[in-house]
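Asks: Dropping the sequence and predicted coords here.
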Amino acid sequence: MKILVTGGLGFIGSHFIKHILKKYPNYEIINLDIVSYCANFKNLEEIENNKNYTFIKGDISDKNIVEKITQEVNCIINFAAQTHVDNSIKNPKDFIKTNIEGVYVLLEAIKKYNIEKFIQISTDEVYGSIANGFFSENANLEPNNPYSASKASADLLIRSYQNTYKIPAIITRCANNYGENQYPEKLIPHFISQLLNNKKVPLYGNGLNKRDWIYVKDNVKALDLILHQGKIGEIYNISANCEKTNLEITKIILKELNKDENYIEYVEDRPGHDLRYGIDSSKLKKELNWTPDYNFNEQFIKTIHWYINNKDWLKN
Ligand SMILES: NC(=O)c1ccc[n+]([C@@H]2O[C@H](COP(=O)([O-])OP(=O)(O)OC[C@H]3O[C@@H](n4cnc5c(N)ncnc54)[C@H](O)[C@@H]3O)[C@@H](O)[C@H]2O)c1
């Protein structure tokens, strides 16, 4: 199998590439990444000389490069995106360009040159906030910020291409990932980085916003299953059912770095901050027999220590 992975120098995409090349030594991967500020070649250092791996610097909204690669591959997995909600609030334009226009360019190329499967990496944030209970894959999309609106727009565009042009697409909507190699603008590596520099951590509002956390390798395991057994036209929620408030996450990080709660600086809440995301991933469990392998309490501590032990990566 030959796969185009887009955004493979980022957090989840790089874990996915390493997993696939290790588990399927005959598969070939082309990684198309624009090398934005959050891309990091170090994330793929261990496989960069693998004969089945090719890196191409480029933009998913560049029709020429996307068409050229699409003709060479069987499958496309789109991780490429602008991903930081705070940036989307300051500058939505880049999010429209990559997260919507980029997906449009991919879809047009797929329409022109047949491939077997297109997997769009979407997010639980497209459903919007839910105080209690869980969204199934059939729930309405009610995104509340420019990032989630751009991801939801892409999901709807894909739906229309499935229906109209029979594009062989699958959409995944995953909860918040934690793990090694996450760019330190996101809560966990950002807070660790601040504390390592003996600085306070900025916690939005009262810190009671809840997120559902999944270890990145459990997401990758789900994506592997979906790549091989996922049904065309379907949407799969991916959750390990592990909800924590941002304050709870912060307290665990503080403890591991031997800091007290005076290191928390409560800052003005993010505009339109979603209170809670909740997704039901029983479909993935029932239909593809997926279960998460990692226990949050153990793996989260290991993740914190990975950042502590990899200060050079954090600086880089
Ligand atoms: N991190 C999470 O918790 C999470 C949860 C659910 C869904 N997602 C989705 O998973 C995907 C990957 O997220 P991540 O956290 O690994 O992101 P990331 O920000 O770490 O990496 C994104 C990568 O995409 C690349 N990129 C950006 N624009 C591009 C473009 N126009 N063309 C080619 N490459 C481009 C960047 O250079 C970077 O390497 C995203 O689509 C995101 O919406 C992430």
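Replies: All right, it came through fine.

Asks: for the stretch 151-300 of the chain, what spans make up the strands?
Replies: Per DSSP state E, counting those that start in this stretch, the stretch 151-300 of the chain carries strands over the ranges 169-174, 176-178, 201-204, 210-215, 235-238, 243-245, 264-267.

Asks: What segments of the stretch 101-250 of the chain are helices?
Replies: Listed in chain order, the helices of the stretch 101-250 of the chain (DSSP state H, counting those that start in this stretch) span 103-112, 146-165, 187-196, 216-229, 246-256.

Asks: could those be laid out in a markdown table, adding distance to Asn177?
Replies: All C-beta atoms are positioned from the backbone trio N, CA, C, and that covers glycine. Formatted as a markdown table, the helices of the stretch 101-250 of the chain follow (distance: least, CB to CB, whole Å):
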| stretch | distance to Asn177 |
| --- | --- |
| helix 103-112 | 20 |
| helix 146-165 | 14 |
| helix 187-196 | 10 |
| helix 216-229 | 5 |
| helix 246-256 | 13 |
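
Asks: for these, which one sits closest to Tyr24?
Replies: Nearest to Tyr24 among the helices of the stretch 101-250 of the chain is helix 216-229; the distance by CB to CB comes to 8.8 Å.

Asks: ok now the closest one, how far from the chain's centre?
Replies: Relative to the centre of its chain, helix 216-229 is centred 12 Å away, using CA atoms, centre = their mean, to the nearest Å.

Asks: can you check stretch 117-129 too?
Replies: A distance of 9 Å separates the centroid of the chain from that of stretch 117-129, by CA atoms, centre = their mean.

Asks: Between the two ends of that stretch, how far is it?
Replies: The first residue of stretch 117-129 is 30 Å away from its last residue (CA to CA, to the nearest Å).

Asks: Can you name the residues of this structure that neighbour the ligand?
Replies: Counting by CB under 6 Å from any ligand atom, the chain comes close to the ligand at 6-7, 9-13, 32-36, 38-39, 59-61, 79-83, 98, 102, 121, 123, 151, 174, 176-177, 183.

Asks: just to revisit the earlier point, Glu48: which of the strands of the stretch 151-300 of the chain is closest?
Replies: strand 176-178 (22.5 Å).
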